[in-house]
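Engineer: Give me a model of this one.
(chains A and B, ligands or ions: 1)
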Amino acid sequence: MIVLAIESATESVGVALAGSDGVLAHATVSRGRRHAETIVPAVEFVCRQADVGLSEIGVIGVDVGPGLFTGMRVGIATAKAFAMACDIPMVAASSLEVLARGEDDATEIVVPVVDARKGEVFWSMYRPTGLDMDALGEPKVGSIEDLVADLMARDQDVRIVGDGARRYEREILDGYRCDVGSAVNPSAIVLAELAYSRGIRDEVVHEREVLPMYIREPDAQINWNTRQVRP
Amino acid sequence: MSPTQHDVGPETVVLGIETSCDETAAAVVLGGRDIISSVVSSQIDMHAEFGGVVPEVASRAHLESMNPVVRKALADAAIEPTRVDAVACTVGPGLIGALLVGVSSAKALSLAWNVPFVGVNHLEAHLYAGFLEDELLEFPLVVLLVSGGHTMIVEMRDHGDYSLLGSTIDDAAGEAFDKVARFLDLGYPGGPAIDRAATQGDPDAIRFPRAMMDDGLNFSFSGLKTSVMNHVRRHPDVDSLDVAASFQQAVVDVLVHKTFRAAREVGATGVVLGGGVAANSLLRSEMTAAGRSAGIRVSLPGREMCTDNAAMIGAAGWHRLRTVGASPLDIGAFPSMPLVTSGGHPDE
Ligand SMILES: [Zn+2]
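Structural biologist: Here you go, the predicted model:
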């Protein structure tokens, strides 16, 4: 079985194919934020390079966020439509889990931190068990002070990782001493490996069960001076 | 993968997808003309509490509704997905986050089914809504496109060959309806609310200005909105039903007057209405009356074809595939895409 992974929850866009031989092909674009323009051509590219026909794909893995709303929706919409059209199941993973699983050499608590804009971040905590990453609680959103308070409350050795960790590194380290992982964006390769291992264990869901993880409510402020298209 | 242009014919089946504003829609259209199915999932209730379309709320709802709406369009059409020859989708203008849900889904379907993807201009699609319901239309035509985002008069000389004759210099007509309805506390969306209220009011009660009536083919509705507000502030006891009826009459007078002036100027054989405001009952009856006295055929698409739908996307997509061909899979969405005229390529 071959899985196609689609990752677009942050600034970066990535797609990857994985099978029993590991990762077969991948493509990543980390600048430009042209998610919608990039994903489908990237899928065509990896399939052509790895000589994989679309009919060979048995599972679609997708990052459902949290992250940049518009970007993550592009990946989720693409993945869900693809799963519907090909009639294949899906594996959904959060951006935080994908980031955490990228730190497979960690022995300390891994805290993925994703930039939520407006001075806030999404984060959660994972404990490496050697074989797996155990989630410690639910993903959260809040200010850097909220994150630091959460780290202090746990009071263990910590490795932070992600674009939020990168952007607010100084502020976080000022409040709590920790290591900083090198990854900035969730990796499509990690997502593909995760989707493959869940896929062969049949831990898959129907496309309609795949829901975005926004965590934050929509901003309902309307700028009446901005002309909007209504029928 | 893309069919050559001669492959596009009366048997070509296009799946249309529309997510530019607050309707998630999918439709199956045969030969650019026959609507086999048309599904519209409206978000009006979600936005009502805010009194307008909230972009993030709209985008979230589109993602939720997209696949169920496509499934239903295929099921209603009773066709297998393998029968779909092309996927057409609105690429602009509209709300960027909303557009991107449809564009992403449409491109994935096109890749998965190995059929062409066709990026459609939403405004051009509104022009095609008339053709879906009136087979006797003949070029040249004048189209009045009136919605919450647009007010324009377009000359249609042929498929893909348009001229913009006039447009609003400030508010769109539908925007004026929304703002006045909100000011008068008549509810949301404003178009149907004013339409309803006006039936019980006197359209001659207040003489509101008809801006730029004899001054070119452009429109201005901002001053009208202001004079409605000033009038109500000066006469707090005024009957809001009379205000609604008088306001609506002022808007309709200008729209009808300018549309028929344009039709005479370009020698149009017919006048077509499109856009959500084209569902307004006074506009429809006065257009019909003006057409009768001018001897010009007036085509009024049904209300479902005036408001946003995907059948018009499927029809416009069929024409575009035939005349221009498929769109590349690396295009995105174009939030302020203009109506490209004279056979241009509306993708950029
Ligand atoms: Zn429209």
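
Engineer: thinking A:Gly137 is in contact with A:Tyr126, fair?
Structural biologist: No: the pair A:Gly137 and A:Tyr126 fails to qualify as a contact (Cβ atoms under 8 Å) at a distance of 9.8 Å. (Each C-beta comes from the backbone N, C-alpha and C, glycine too.)

Engineer: of these two, who's got more company?
Structural biologist: Shown here are A:Gly137 and A:Tyr126; by other Cβ atoms under 10 Å in any protein chain shown, A:Tyr126 has more neighbours (24 against 10).

Engineer: remind me, longest helix of the chain?
Structural biologist: All of this refers to chain A. In chain A, taking DSSP state H as the definition, the longest helix is helix A:69-86.

Engineer: um, chain B though
Structural biologist: Looking across chain B with DSSP H, the single longest helix is helix B:240-266.

Engineer: check contacts around B:Ile313.
Structural biologist: Taking Cβ atoms under 8 Å, 6 or more residues apart in numbering or on different chains, we find B:Ile313 in contact with B:16-18, B:25, B:27, B:88-90, B:120, B:122, B:125.

Engineer: swap the cut-off to 10 Å and go again
Structural biologist: B:Ile313 sits next to B:14-20, B:25-27, B:29, B:87-90, B:102, B:106, B:118, B:120-122, B:124-126, B:128-129 when contact means Cβ atoms under 10 Å, 6 or more residues apart in numbering or on different chains.

Engineer: Now narrow the residues you listed to whatever sits close to chain A.
Structural biologist: The subset of those within reach of chain A, by Cβ under 10 Å from any Cβ of the partner chain, is B:17, B:19-20, B:87, B:102, B:106, B:122, B:126.

Engineer: Let me have the residues you listed in TSV, adding secondary structure and pLDDT as columns.
Structural biologist: Output for those, formatted as TSV (DSSP: H, G, I helix; E, B strand; the rest coil; pLDDT from 0 to 100):
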residue	secondary structure	pLDDT
B:Ile17	strand	98
B:Thr19	coil	98
B:Ser20	coil	96
B:Val87	strand	98
B:Gly102	helix	98
B:Ala106	helix	98
B:His122	helix	95
B:His126	helix	93
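
Engineer: Could you report the separation of the closest residue to A:Val113 other than its chain neighbours from the ion?
Structural biologist: In this structure, A:Val113 finds its nearest non-sequential neighbour in A:Gly164, 3.6 Å apart by Cβ to Cβ, 6 or more residues apart in numbering or on different chains. Distance from A:Gly164 to the ion, counting by Cβ to the ion, to the nearest Å: 38 Å.

Engineer: ok, A:Gly164 - contacts?
Structural biologist: A:Gly164 touches A:10, A:67, A:99, A:111-117, A:120-123, A:144, A:147, A:172, A:184, counting by Cβ under 10 Å, 6+ apart.

Engineer: and these, which are buried?
Structural biologist: Listed as buried from the contacts of A:Gly164 are A:10, A:67, A:99, A:111-116, A:120-123, A:144, A:147, A:172, A:184; burial here means 16 or more other Cβ atoms under 10 Å in any protein chain shown.

Engineer: Could you pick out which of those residues are located in strands?
Structural biologist: Judged by DSSP state E, strands contain the following of these: A:111-116, A:120-123.

Engineer: of those, closest to A:Ile215?
Structural biologist: A:Phe122 (6.0 Å; Cβ to Cβ).

Engineer: Quickly find the element holding the residue of the stretch 1-150 of chain B found nearest chain A.
Structural biologist: Using Cβ to the nearest Cβ, the closest approach of the stretch 1-150 of chain B to chain A is made by B:Gly148 at 2.6 Å. Assigned by DSSP states H and E, B:Gly148 falls within no helix or strand.

Engineer: Nearest to chain B, out of the ones in strands among the buried ones among the contacts of A:Gly164: which one, please.
Structural biologist: Nearest to chain B among those, counting by Cβ to the nearest Cβ, is A:Ala116 at 13.6 Å.

Engineer: Show the contacting residues for that closest one.
Structural biologist: Contact analysis of A:Ala116 by Cβ under 10 Å, 6+ apart lists A:66-69, A:122-123, A:141-143, A:164, A:215-216.

Engineer: Same list (those) but as a markdown table, adding pLDDT.
Structural biologist: Putting the contacts of A:Ala116 into a markdown table (pLDDT from 0 to 100) gives the following:
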| residue | pLDDT |
| --- | --- |
| A:Pro66 | 98 |
| A:Gly67 | 97 |
| A:Leu68 | 95 |
| A:Phe69 | 96 |
| A:Phe122 | 98 |
| A:Trp123 | 98 |
| A:Val141 | 96 |
| A:Gly142 | 97 |
| A:Ser143 | 97 |
| A:Gly164 | 98 |
| A:Ile215 | 94 |
| A:Arg216 | 90 |
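
Engineer: so what's the backbone phi/psi at the residue in the stretch 151-300 of chain B positioned nearest to the ion?
Structural biologist: Residue nearest to the ion within the stretch 151-300 of chain B: B:Gly275 (5.7 Å; Cβ to the ion). Dihedral pair for B:Gly275: phi 90, psi 160, per degrees, to the nearest 10.

Engineer: Next one: it from chain A, what distance?
Structural biologist: In this structure, B:Gly275 and chain A are 7 Å apart, going by Cβ to the nearest Cβ, to the nearest Å.

Engineer: surely that residue meets B:Phe177?
Structural biologist: No: at 11.6 Å, B:Gly275 and B:Phe177 do not qualify as touching, with contact defined as Cβ atoms under 10 Å.

Engineer: now A:Asp134, what's its secondary structure?
Structural biologist: With DSSP: H, G, I helix; E, B strand; the rest coil as the basis, the three-state label of A:Asp134 is strand.

Engineer: which ones are touching it?
Structural biologist: Contacts for A:Asp134 (Cβ under 10 Å, 6+ apart) come out as A:100, A:125-128.

Engineer: what is it paired to in the beta sheet?
Structural biologist: A:Arg127 (DSSP bridges).

Engineer: sorry, back to before: between the contacts of A:Ala116, which is nearest A:Ala5?
Structural biologist: For the contacts of A:Ala116, the closest approach to A:Ala5 (Cβ to Cβ) belongs to A:Gly67, at 15.2 Å.

Engineer: show me the contacts for that closest one.
Structural biologist: Going by Cβ under 10 Å, 6+ apart, A:Gly67 touches A:7-12, A:73, A:75, A:94-96, A:114-117, A:122, A:162-164, A:185-186, A:212-215.

Engineer: go with 8 Å
Structural biologist: Per Cβ under 8 Å, 6+ apart, neighbours of A:Gly67: A:9-10, A:95, A:114, A:122.

Engineer: how close does it get to chain B?
Structural biologist: Using Cβ to the nearest Cβ, one gets 14 Å for the distance from A:Gly67 to chain B.

Engineer: same question, A:Glu169
Structural biologist: Counting by Cβ to the nearest Cβ, the gap from A:Glu169 to chain B is 29 Å.

Engineer: burial of the closest residue to that residue other than its chain neighbours, as a residue count?
Structural biologist: Among residues not flanking A:Glu169 along the chain, A:Val180 sits closest, at 5.9 Å (Cβ to Cβ, 6+ apart). A:Val180 has 16 neighbours, counted by other Cβ under 10 Å.

Engineer: and what of A:Arg31?
Structural biologist: Counted with other Cβ under 10 Å, A:Arg31 comes out at 8.

Engineer: Next up, the contacts around the residue lying closest to it once chain neighbours are set aside.
Structural biologist: Closest residue in space to A:Arg31, ignoring its immediate chain neighbours: A:Glu11 at 7.2 Å, by Cβ to Cβ, 6+ apart. Contact analysis of A:Glu11 by Cβ under 8 Å, 6+ apart lists A:30-31, A:33, A:68, A:71, A:163, A:185.

Engineer: mind listing which of these are in helices?
Structural biologist: Checked against DSSP H, these include these in helices: A:71, A:163.

Engineer: residues touching residue 140, list them.
Structural biologist: By default, I'm working from chain A. A:122-124, A:146-147, A:150, A:215.

Engineer: was after chain B, sorry
Structural biologist: Going by Cβ under 8 Å, 6+ apart, B:Pro140 touches B:155-157, B:266-269.

Engineer: could you pull out the strands for the chain?
Structural biologist: In the absence of a named chain, this looks at chain A. A:2-7, A:13-19, A:22-29, A:57-63, A:90-93, A:109-117, A:120-123, A:126-128, A:133-135, A:140-143, A:158-161, A:179-180.

Engineer: oops, chain B please
Structural biologist: Using DSSP E, strands in chain B cover B:13-18, B:23-30, B:34-42, B:86-92, B:117-121, B:141-146, B:151-158, B:161-167, B:270-274, B:297-299.
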